[in-house]
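In: Starting from these lines, generate the structure:
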Amino acid sequence: MPGKRHVRLINLAKWLVESAWVALRLFQERCEEELLWAAEMIKIKAQDLKGKEVKVNTSLLYQQTKFNLQREKSEGYAKLGIPMSSVEVLEINSKITAACKSEDQTGGRDLVAKIKKWIKESERNKRCIVDYGAVSVLAAAFESFSKTCLDEHVSVLEEILSTLTLLFPLAGEALTYLGSASSMHCMVWFLKSGDLSRRRNTVLVLREVISSDHRRVNMFLEIEGAIESLYTLIKEPICPTATEASFVVVYHMITSASAADKPIQKFVDMGLVSLLLETLVDAQRSLCEKPWVFSTDFAAVITGEERPTIIL
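Out: All right, here's what the predicted structure looks like:
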């Protein structure tokens with residue numbers, strides 16, 4: 001009996017649809033899969049549909065993987081970057097802080113190198129790193145490792161400076177940490193070293209620090225060898241970027257209201273005015289595009305004729 005009722009129910013459902021008394025969609029929304037299948041109101045069961053979906057997704061994944069491999073081969077990518085998450089950034093921030101407390105310079109260097117790798121992979125990674133506070137953590141780590149023996153922490157300090165140059169412009173807490181006495185002493189020590197990459201990265205970060213607050217100029221000028229190290233960078237240029245950064249730092253030093261009288265005569269005695277003009281003659285176009293804004297007024301400030309306001 002139940003079988004006959006079931007058959008009659010199926011036939012009734014089919015007749016209602018065929019005669020347009022009831023819409024097919026209504027049956028599909030309200031009835032169970034077995035009835036719909038028996039009444040030929042669906043062409044595939046949910047289980048079979050799920051299986052087909054898995055096959056389609058697998059096929060799409062295979063095609064994407066094949067495309068990625070071909071792209072790696074044609075463009076020379078060692079590995080296509082995987083977007084990072086905020087959880088990863090917060091986790092590595094915590095690990096770097098712990099490495100600072102334990103003075104684990106090897107572990108700290110490896111963690112910073114990992115952040116630098118993420119930054120280079122994509123602009124999205126860079127934004128995520130900035131948004132979740134890694135810049136301040138790196139700057140704090142630089143200050144922390146610079147407080148103890150510099151010789152033992154050179155590698156991690158170098159790695160931090162190199163990574164910070166990829167995260168410009170610096171702001172907020174990061175500049176506070178980098179503008180501390182220990183950080184500034186470390187940067188001057190790096191400027192006096194023979195490693196070209198280290199000196200370049202240092203002067204780029206120093207430009208960010210000095211430009212942000214003239215009060216840090218006094219601290220910088222009190223460090224032995226600070227003025228001489230900058231003069232050397234201009235006299236024996238590493239690259240146009242480092243030379244221009246050196247000019248910007250020097251400019252802020254001599255135009256600082258509280259410290260202007262201290263370095264001017266020393267720079268004049270060193271021959272900075274003539275060196276500046278000679279450098280600008282041979283410099284790249286980006287530095288020469290504003291020669292009268294930069295060189296003439298700059299020279300005037302050094303010689304004490306005037307102190308213009310220039311935005312660099």
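
In: can you pull the contacts of the nearest residue to residue 85 once chain neighbours are set aside?
Out: The spatial neighbour of residue 85 that comes closest, neighbours along the chain excluded (Cβ to Cβ, 6 or more residues apart in numbering), is residue 128 at 7.4 Å. Glycine gets a C-beta too; all of them are placed from N, C-alpha and C. With Cβ atoms under 8 Å, 6 or more residues apart in numbering as the criterion, the residues that contact residue 128 are 84-86, 89.

In: Between those residues, which sits nearest residue 7?
Out: Of all the contacts of residue 128, the one sitting nearest residue 7 is residue 85; the distance, using Cβ to Cβ, is 56.3 Å.

In: what number of residues lie near the closest one?
Out: Neighbours of residue 85 under the rule other Cβ atoms under 10 Å: 12.

In: Endpoint to endpoint, stretch 125-137 covers what distance?
Out: One end of stretch 125-137 sits 16 Å from the other (Cα to Cα, to the nearest Å).

In: distance between that stretch and the chain's centre?
Out: With Cα atoms, centre = their mean, to the nearest Å as the basis, the distance from the averaged C-alpha position of stretch 125-137 to the chain average is 7 Å.

In: pLDDT on that stretch, on average?
Out: The predicted model assigns stretch 125-137 a mean pLDDT of 94.

In: one step back: which one in the contacts of residue 128 is the model shakiest on?
Out: residue 84 (79).

In: Buried ones among the contacts of residue 128?
Out: 84, 89 (16 or more other Cβ atoms under 10 Å).

In: three-state assignment of the residue nearest to residue 85?
Out: Secondary structure of residue 128, reduced to three states by DSSP: H, G, I helix; E, B strand; the rest coil: helix.

In: still on that earlier bit, of the contacts of residue 128, which is the nearest to residue 35?
Out: Within these, the smallest distance to residue 35 is 45.7 Å, found for residue 85 (Cβ to Cβ).

In: Tell me how far residue 58 lies from residue 169.
Out: Counting by Cβ to Cβ, to the nearest Å, the separation of residue 58 from residue 169 is 46 Å.

In: got the phi/psi numbers for residue 84?
Out: As for residue 84, its main-chain torsions (degrees, to the nearest 10) stand at phi -90, psi 170.

In: Surely it touches residue 119?
Out: No. With contacts defined as Cβ atoms under 8 Å, residue 84 does not count as touching residue 119, sitting 9.9 Å away.

In: just for the stretch 1-150 of the chain, where's the confidence low?
Out: Across the stretch 1-150 of the chain, residues meeting the criterion (pLDDT under 70) sit at 1-3, 28-29, 43-57, 71-82.

In: now the helices for it?
Out: In chain order, the stretch 1-150 of the chain shows helices spanning 2-18, 24-30, 33-38, 46-75, 86-101, 105-121, 123-131, 134-146, with DSSP state H, counting those that start in this stretch as the criterion.

In: Contacts for the first one next, please.
Out: Around helix 2-18, the neighbours that count as contacts under Cβ under 8 Å, 6+ apart are 22-24, 27, 31, 35, 38-41.

In: of those, closest to residue 186?
Out: Using Cβ to Cβ, residue 31 is the member of the contacts of helix 2-18 that sits closest to residue 186, with 75.7 Å.

In: Report the contact partners of that closest one.
Out: Taking Cβ under 8 Å, 6+ apart as the test, what residue 31 contacts is 13, 41.

In: Could you check how far residue 177 is from residue 7?
Out: Relative to residue 7, residue 177 is positioned 81 Å away (Cβ to Cβ).

In: So for these two, which sits in the more crowded spot?
Out: In this comparison of residue 177 against residue 7, neighbours counted by other Cβ under 10 Å, the higher total goes to residue 177 at 23 against 11.

In: Can you verify my assumption that the more buried one contacts residue 143?
Out: Yes. At 4.4 Å, residue 177 counts as touching residue 143 under the criterion of Cβ under 8 Å.

In: Overlap in contacts, those two.
Out: Once Cβ under 8 Å, 6+ apart is applied, the residues that residue 177 and residue 143 both contact turn out to be residue 183.

In: Find the residue closest to residue 90 in space, skipping its chain neighbours.
Out: Beyond its immediate neighbours in the sequence, the residue positioned closest to residue 90 (Cβ to Cβ, 6+ apart) is residue 132, lying 5.9 Å away.

In: for the helices of the stretch 1-150 of the chain, which one ends up most surrounded?
Out: Of all the helices of the stretch 1-150 of the chain, helix 134-146 has the most neighbours on average by mean count of other Cβ atoms under 10 Å, namely a mean of 24.

In: what's the following helix or strand after it?
Out: Toward the C-terminal end, the helix or strand that comes next after helix 134-146 (DSSP states H and E) is helix 154-164.

In: what separates the helix or strand following that next one from the chain centre, distance-wise?
Out: Using DSSP H and E, the helix or strand that follows helix 154-164 in sequence is helix 173-178. Relative to its parent chain, helix 173-178 has a centroid offset of 16 Å by Cα atoms, centre = their mean.
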